[in-house]
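# coords below, sequence missing:
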């Protein structure tokens with residue numbers, strides 16, 4: 001999924017934001033539950049929800065706990081590349097199944113990637129056999145997560 005600002009022209013009203021906030025808490029709520037929680041009719045809640053979905057402002061999805069799926073090694077990689085190779089390196093990284101998040105950044109690193117591996121040996125193999133062979137890559141710093149104290153994908157509310 002490529003994240004862009006294409007939806008930035010969409011004006012969200014207070015009810016849209018309440019609806020999004022409720023879905024961030026529990027995306028399985030019925031239209032009746034959403035309507036009750038945001039203080040509107042079921043028809044209005046359904047209409048607003050469908051508009052947000054149809055316009056691509058929101059997606060409803062399940063988020064799994066990586067450790068429950070057997071991923072024991074979670075890392076962030078800070079990567080520096082040759083000038084002019086940023087997009088190529090980012091696209092190559094995004095093509096790997098273990099890489100879950102790739103951003104092009106300004107600052108210490110040109111590209112930042114988030115990845116998960118079942119075993120530390122899988123990470124080692126990836127670094128030696130895949131990462132090390134990406135054309136244009138200058139350096140990579142791998143930061144292994146020891147413990148995750150907070151993981152949030154909410155954007156509305158506290």
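Sure, I can see it. Keep in mind that what you see is a predicted model, and the values were worked out from it rather than measured.
# tell me the SS of the residue nearest in space to the middle of the chain?
Residue closest to the average C-alpha location in the chain (Cα atoms, centre = their mean): residue 101, at 6.0 Å. Under DSSP: H, G, I helix; E, B strand; the rest coil, residue 101 falls in the strand class.
# By average pLDDT, which secondary structure element in this protein comes out worst?
helix 14-25 (a mean of 93; mean pLDDT, DSSP states H and E).
# Which residues does the helix or strand just after that helix contact?
Counting by DSSP states H and E, the next helix or strand C-terminal to helix 14-25 is helix 31-38. Residues from elsewhere that reach helix 31-38, judged by Cβ atoms under 8 Å, 6 or more residues apart in numbering: 15, 18, 19, 22, 23, 29, 41, 42, 44, 45, 46, 49. Just so you know, the C-beta spots here come from the backbone N, C-alpha and C atoms, and that holds for glycine as well.
# do you know how far the spatially closest residue to residue 88 that is not a sequence neighbour is from residue 86?
Spatially, and ignoring its direct neighbours in sequence, residue 88 is nearest to residue 136 (5.7 Å; Cβ to Cβ, 6 or more residues apart in numbering). Note on residue 136: its distance to residue 86, by Cβ to Cβ, to the nearest Å, is 8 Å.
# Let me know the outermost residue of this protein.
Outermost residue of the chain (Cα atoms, centre = their mean): residue 41, 31.9 Å.
# Tell me the confidence at the nearest residue to it once chain neighbours are set aside?
Leaving aside its chain neighbours, residue 41 sits nearest to residue 35 (5.8 Å; criterion: Cβ to Cβ, 6+ apart). Per-residue pLDDT puts residue 35 at 96.
# how is this structure carved up into domains?
Annotated domains of the chain cover 13-54, 66-144 [automatic domain parsing].
# And those domains: which comes nearest residue 152?
For the domains of the chain, proximity to residue 152 was assessed by Cβ to Cβ; domain 13-54 is nearest, at 9.0 Å.
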